[in-house]
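J.: take a look and give me a structure for this.
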Amino acid sequence: MTRLTTEELIERLASKAGPVRRLSSPQRRTATWLALSLPWVAAVVFIMGLRPDLATRLADPRWLVEEVAALATGLMAAMASFCASVPGRPRWEHFLPLLPLAVWLGTLGQGCVADWLQFGASGLTLRADWQCLPAIMMIGLVPAVVIAIMILRAAPITPMTTAALAALAAGGLAAAALRLFHPEDTSLMVLVWQAGTVFGLVLIAALMGRTVLRWPSAPQP
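T.: As a prediction, the model looks like this:
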């Protein structure tokens, strides 16, 4: 068998390599993902019907901050997942959604304190709200499929991290859309049932990352 030098091997591989289309920037891919996801999200919200008190909610600064923070968490998580699926990019990009996520959870926590100070123990009453799980899964279905397909066009060598970020992207977008038609606004209920559902899906996605985002010789995330 003929032995090749490193230079000869590189030259031979380069001569047989076909043209490769370079991936767009993570920012552009995030915009594409949002553009492909929004029609589905809008359709679900339209079918479910806007909540009757939406105008009042839009005039509430805290509600607006929660909505914007949830949406920003989804967008930053999408961008982070696209960054994580490209080898060689800095690891700090994986933490892009942390700031809006902290604002989202912090605002919900502040709302819990405000409800407790205003209503006492009754303001922290936790009731079952099983509608959140199927609703968030339904809204996030298409965004999750779209972002998975887009990630698989790259090189997800950290599948657990990438899958978790992708799930957070779809979940953040779904949580923001859910509150446009779901009238539950008690901070503790939103924190437990809506944010809790998102984080549960993120955990499941992380555990399934190696199966869904297959990549040869994927190292530990």
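
J.: number of nearby residues for Arg179?
T.: Arg179: 19 surrounding residues under other Cβ atoms under 10 Å. Bear in mind the C-beta positions are built from the backbone N, C-alpha and C, glycine included.

J.: what's the pLDDT at it?
T.: Here the pLDDT value assigned to Arg179 is 93.

J.: that one touches Leu64, doesn't it?
T.: No - using Cβ atoms under 8 Å, Arg179 is not in contact with Leu64; the gap is 10.7 Å.

J.: quick one: the helices in the protein?
T.: For the chain, the helices defined by DSSP state H cover 6-16, 26-48, 54-58, 61-84, 98-119, 132-152, 159-178, 187-189, 196-212.

J.: if you average pLDDT over each of these, which is lowest?
T.: Note on the helices of the chain: lowest mean pLDDT is at helix 6-16, with a mean of 63.

J.: at the geometric centre of the chain, which residue sits there?
T.: With distances taken as Cα atoms, centre = their mean, Ala169 lies nearest the centre of the chain, 1.1 Å away.

J.: who's in contact with it?
T.: By Cβ atoms under 8 Å, 6 or more residues apart in numbering, the residues touching Ala169 are 33, 74-75, 77-78, 81, 143, 147.

J.: pull out the buried residues from the residues you listed.
T.: Buried members of these, counted by 16 or more other Cβ atoms under 10 Å: 33, 74-75, 77-78, 81, 143, 147.

J.: let's have those in TSV, adding distance to Val198.
T.: What follows is the buried ones among the contacts of Ala169, written out as TSV (distance: Cβ to Cβ, whole Å):
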residue	distance to Val198
Trp33	17
Gly74	9
Leu75	14
Ala77	10
Ala78	14
Ser81	15
Pro143	12
Ile147	14
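
J.: list just the nearest of the residues you listed to Ala163.
T.: Nearest to Ala163 among the buried ones among the contacts of Ala169, counting by Cβ to Cβ, is Ser81 at 8.0 Å.

J.: show the pLDDT at Asp129.
T.: On the pLDDT scale, Asp129 gets 72.

J.: against Leu191, how distant is it?
T.: Asp129 sits 11 Å away from Leu191, going by Cβ to Cβ, to the nearest Å.

J.: Leu54 now?
T.: Distance, Leu54 to Leu191, using Cβ to Cβ: 21 Å.

J.: the two: who's more crowded?
T.: Each of Leu54 and Leu191 has its neighbours counted (other Cβ under 10 Å); Leu191 has more, 18 against 14.

J.: isn't that one right up against Gly109?
T.: Yes - checked against Cβ under 8 Å, the pair Leu191 and Gly109 is within contact range at 7.2 Å.
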